[in-house]
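>>> build me a structure from this.
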Amino acid sequence: MNKRGTYLKNHKGQVWVETVIYLLIAFVMMGLVLSFIRPKIEELRDKAIIEQSLDIIKDIDNSIITMGSPGNRRLVEIGIKKGSLIIDSENDRIIFEMSGRYTYTEPGENISIGNINAITKINGKTNDITLTRDFSEEYNFTYKGEETLKTLNKASTPYRLFFTNEGESLDKIVINFDVE
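Reported below is the predicted structural model:
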């Protein structure tokens, strides 16, 4: 009986050791899978953010073009989850910049997507993506009445971007931006 009791105690210990080993193997396997899947998930998220940003720039573009007569005011709500939207009223451009894993265009090549120019630059393990819409031929942008640079960064709540047709000056339509 003493030998048999010792055997049962050793057997119970062996079951616990095997259970711990199997759990460790499972955790290692899950860690390996996550290490391969996580970069892909980040790439897909970055791609979605770029597509949303393209849509935002197209919405702004469409609203400005269809604004109509002087005095008209429009509102566009902008949600920025990553990157930054720059209103460059000095050069009459709207720029979206973001760093991420996704390669949107061939690195170093400027690609036109309608009126929007896209370029990807490699920066170590990440890519810097820039989307630019140039309005300088037809419009003169101001931010709160001044020729300045306004940057909208990542925020938990959407920005409320108002723009107003202020009439013509020097054969260009003056569009004044304001952010709430």
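
>>> the bottom helix or strand of the chain by mean pLDDT?
helix 2-65 (a mean of 83; mean pLDDT, DSSP states H and E).

>>> show me what the helix or strand just after that one is packed up against.
For helix 2-65, the following helix or strand on the C-terminal side (DSSP states H and E) is strand 73-78. Applying 3 or more Cβ pairs under 8 Å, 6 or more residues apart in numbering; DSSP states H and E, one finds that strand 73-78 contacts helix 2-65, strand 159-169. C-beta here means a position set from N, CA and C on the backbone, and glycine is covered the same way.

>>> any idea what residue 118 is bridged to?
Here residue 118 shows beta-bridge partners residue 111, residue 131, assigned using DSSP bridges.

>>> dump the residue contacts of it.
Counting by Cβ atoms under 8 Å, 6 or more residues apart in numbering, residue 118 touches 104-105, 110-112, 129-132.

>>> same check, this time on residue 43
100-102.

>>> so which of these are in strands?
Within these, residues falling in strands by DSSP state E are residue 100.

>>> out of the contacts of residue 43, who's the most crowded?
Within those, most neighbours by other Cβ atoms under 10 Å means residue 100, with 20 neighbours.

>>> how many other residues sit next to the nearest residue to that residue once chain neighbours are set aside?
Sequence neighbours aside, residue 46 is the residue nearest to residue 100 in space, at 3.5 Å (criterion: Cβ to Cβ, 6 or more residues apart in numbering). Using other Cβ under 10 Å, the number of residues around residue 46 comes to 22.
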